[in-house]
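Trainee: Fold the following, please.
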Amino acid sequence: MSPASSNFNFQAMRQELRSNPKTQIALAVFVLVMLYAIYTFLSPDTPKGRRPSAPGSGASLDPRQLQGLRRLPDLAALGQAGELPPAAKLQRDLFMFEAPAPPPAKVKPLPPPPPPSAEELERQRLAQEKAQEFATRPQDLRYLGFFKGSPSGTVGAFMKGEEPVTLVSGTLLKERWKLVTILDTKAEFQNTKYPDMRLVLEAREAPGGAPTNQF
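Mentor: Residues are numbered from 1 along each chain as shown. Next up, the predicted model:
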């Protein structure tokens, strides 16, 4: 090899490469090392520092999606950068799960029932009035039997509590309950306002028996 000089001698270097095999091998190794270094540096898997993205770069996102991205937690700050979320969360849309819940479905109210007709109102009024009238029946009487009186004819014997009471046929009790039947087994009262409403008191042999009401 020629002695070193202050100026680089390209011709001498070229002559050295042609004549010296060791220099050729060293140069080939150097080229391979440089190519490997360049490949490693330019490889997409090489970790690089975080570079701020320029405005307008990347996919265009609407304001709603950008707002959803800003709300995402910083996983690196939470120490979870190397952890994957559960599979259920991996299938969720990152831009949609932060959106508010949809409003509940409106339930159509049922239409009000039709007002009762005049016939129904009259039927209800009559039933209520008859119930009130039936409550006034002389159910506190207990029938014992009858005997023949003179000149009154057939007289019914009753007990009202501890007090004996005698009533002849046609006697009106509580304004509208008329004694219409006196037999040896029963006495029957009929309401004068509602003839279909009756009260039957059966005779009891036992002194402590209670009247039986039938209508």
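
Trainee: Report the helix or strand with the lowest average pLDDT across the protein.
Mentor: When the helices and strands of the chain are compared on mean pLDDT, DSSP states H and E, helix 87-90 comes out lowest with a mean of 60.

Trainee: any idea what residue 36 is structurally, helix, strand or coil?
Mentor: helix (DSSP: H, G, I helix; E, B strand; the rest coil).

Trainee: what number of residues lie near it?
Mentor: 10 (other Cβ atoms under 10 Å). The way it works is simple: take the backbone N, C-alpha and C, and place the C-beta from them, glycine included.

Trainee: quick one: it and residue 30, what's the gap?
Mentor: 11 Å (Cβ to Cβ, to the nearest Å).

Trainee: what's the helix or strand for residue 105?
Mentor: Take DSSP states H and E as the rule and residue 105 turns out to sit in neither a helix nor a strand.

Trainee: Got the phi and psi for it?
Mentor: Backbone geometry at residue 105, expressed as degrees, to the nearest 10, gives phi -70, psi 140.

Trainee: Can you pull the poorly scored residue ranges out of the protein?
Mentor: 1-8, 43-59, 71-100, 205-215 (pLDDT under 70).

Trainee: What segments of it are helices?
Mentor: 10-19, 21-42, 63-70, 87-90, 118-134 (DSSP state H).

Trainee: Dump the last one to CSV, keeping only the CA atoms.
Mentor: Put plainly, it is helix 118-134. C-alpha atoms of helix 118-134 as CSV (Å, rounded to 0.1, in the frame of the first residue of the first chain):
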residue,chain,number,x,y,z
ALA,A,118,-128.1,5.5,30.0
GLU,A,119,-129.4,1.9,30.4
GLU,A,120,-126.2,0.9,32.3
LEU,A,121,-126.5,3.9,34.6
GLU,A,122,-130.1,3.1,35.4
ARG,A,123,-129.2,-0.5,36.0
GLN,A,124,-126.5,0.5,38.4
ARG,A,125,-128.7,3.0,40.2
LEU,A,126,-131.5,0.4,40.6
ALA,A,127,-129.1,-2.3,41.9
GLN,A,128,-127.7,0.1,44.5
GLU,A,129,-131.2,1.3,45.6
LYS,A,130,-132.4,-2.3,46.0
ALA,A,131,-129.3,-3.2,48.0
GLN,A,132,-130.0,-0.3,50.4
GLU,A,133,-133.7,-1.3,50.6
PHE,A,134,-132.9,-4.9,51.4
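
Trainee: got the buried residues for it?
Mentor: For helix 118-134, the neighbour count (16 or more other Cβ atoms under 10 Å) marks 133, 134 as buried.

Trainee: Name the residues that touch it?
Mentor: Applying Cβ atoms under 8 Å, 6 or more residues apart in numbering, the contact partners of helix 118-134 are 116, 176, 191, 193, 194, 197, 215.
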